[in-house]
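Asks: missing the sequence, but the structure's below:
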């Protein structure tokens, strides 16, 4: 993951990126959690350096940890919306028991089917139309753990673009 970011963002060769990634991983293993971000800030922007650090370290800073804990609590206690109570456009839904908010959604990209069709691996991508009760529908795009950027092949980019357009169209229909 770190090597891929270094190839894309720092324009390093694959060999150079692999050496850097190994060195960054050694810093983390040695207990120097902030070392990767300090070193990477010389090669890439601060946001990218922080994302790679989080991916390598595997834990979040206190403010990020609080937000992640709150989100985890909502999903841990959420109750699935029964299929017969879903609107026709949605394939899934949950209810937050504490706040009573319903979150409804429908995936517009199936990475497993895309891998079979394309004959190549896909990064973990989620594209879906979603709606939280009381708010307009929108499009969710999530790429990989920690939101790290991934390089897509042309065919993958076209399929993601189509899935985003499909999700946007569905959100417009729900909001109409």
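Replies: Happy to help now that I have it. Worth saying up front: this structure is predicted, and the values here are computed from it rather than measured. Numbers count the residues shown, from 1 in each chain.

Asks: use CA for all of it now, contacts and neighbours both
Replies: Noted.

Asks: Name the residues of the lengthiest helix in the chain that are buried.
Replies: Ordering each helix of the chain by length in residues (DSSP state H) puts helix 154-175 first. Neighbour counts over helix 154-175 (16 or more other C-alpha atoms under 10 Å) mark 156, 159, 160, 163, 164, 165, 166, 167, 168, 170, 171, 174 as buried.

Asks: Going along the chain, name the strands of this protein.
Replies: Taking DSSP state E to define them, one finds strands in the chain at 79-80, 92-95, 102-107, 125-132, 138-143.

Asks: Relative to residue 43, which of those strands is closest?
Replies: strand 138-143 (22.3 Å; C-alpha to C-alpha).

Asks: so that closest one versus strand 102-107, what angle?
Replies: Here the directions of strand 138-143 and strand 102-107 differ by 60 degrees (axes from the mean of the first three to the mean of the last three C-alpha atoms, to 10 degrees).

Asks: Tell me the strands beside strand 138-143, with direction?
Replies: strand 125-132 (antiparallel) (DSSP bridges).

Asks: helices and strands of the protein: which one bottoms out on pLDDT?
Replies: Ranked by mean pLDDT, DSSP states H and E, the helix or strand of the chain with the weakest confidence is helix 62-77, at a mean of 67.

Asks: Could you point out which residue ranges in this protein have low pLDDT?
Replies: Scanning the chain for pLDDT under 70 picks out 1, 58-72, 75, 144-154.

Asks: cutoff 80 now
Replies: Applying pLDDT under 80 to the chain picks out residues 1-5, 7-10, 17, 28-34, 42, 45-76, 122-124, 141-157.

Asks: how close does residue 42 get to residue 21?
Replies: Separation of residue 42 from residue 21 (C-alpha to C-alpha, to the nearest Å): 14 Å.

Asks: Mind checking which of those two has more residues around it?
Replies: The neighbour count for residue 42 versus residue 21, taken as other C-alpha atoms under 10 Å, is higher for residue 21 (21 against 11).

Asks: ok, that one - contacts?
Replies: The contact partners of residue 21, by C-alpha atoms under 8 Å, 6 or more residues apart in numbering, come to 2, 3.
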